[in-house]
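Engineer: The following block contains a protein sequence and its predicted model.
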Amino acid sequence: MPDISAINRFIQEQLRKKGLYEVTAVEAARWLDSAGLLKDSKSHSGLRLRNLLRDKLIDGQRQEPNKRWFIDRVD
């Protein structure tokens, strides 16, 4: 099981550092893969992170009516 606390902390730090208020799940998955916190699926970008989102484990998560996942900055 991935370190959920570290993943949440890292995403929120990146949002603050980049001056963003939201990020798509696919982009956040790239950040996590680059940082070595959550290996991304080569064939389905963002799949492992989306699974965590479906399980309601990610801070600031939301799903739009079009089914796209986003992670909002939580201050």
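Structural biologist: Right, received. Where do you want to start? The structure presented is a predicted model; accordingly, all values stated were derived computationally and were not measured.

Engineer: Next up, the contacts around the nearest residue to residue 74 once chain neighbours are set aside.
Structural biologist: Among residues not flanking residue 74 along the chain, residue 60 sits closest, at 4.4 Å (Cβ to Cβ, 6 or more residues apart in numbering). The way it works is simple: take the backbone N, C-alpha and C, and place the C-beta from them, glycine included. Residues counted as contacts of residue 60 (Cβ atoms under 8 Å, 6 or more residues apart in numbering) are 11, 12, 71, 72, 73, 74.

Engineer: can you count the residues close to the third one?
Structural biologist: What that stands for is residue 71. Around residue 71 there are 24 other residues, counting by other Cβ atoms under 10 Å.

Engineer: correct me, but it touches residue 11?
Structural biologist: Yes: with contact defined as Cβ atoms under 8 Å, residue 71 counts as touching residue 11 (5.7 Å).

Engineer: list the residues that contact both of those two?
Structural biologist: In contact with both residue 71 and residue 11: 23, 28, 58, 59, 60, using Cβ under 8 Å, 6+ apart.

Engineer: I'd like the residues you listed laid out as TSV, including pLDDT.
Structural biologist: Formatted as TSV, the shared contacts of residue 71 and residue 11 follow (pLDDT from 0 to 100):
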residue	pLDDT
23	98
28	97
58	98
59	98
60	98
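
Engineer: ok, now how distant is the residue of the chain positioned farthest from its centre from residue 16?
Structural biologist: Relative to the centre of the chain, the most outlying C-alpha is that of residue 65, 18.2 Å out, by Cα atoms, centre = their mean. To residue 16, residue 65 is 27 Å away according to Cβ to Cβ, to the nearest Å.

Engineer: Right, I'll leave it there.
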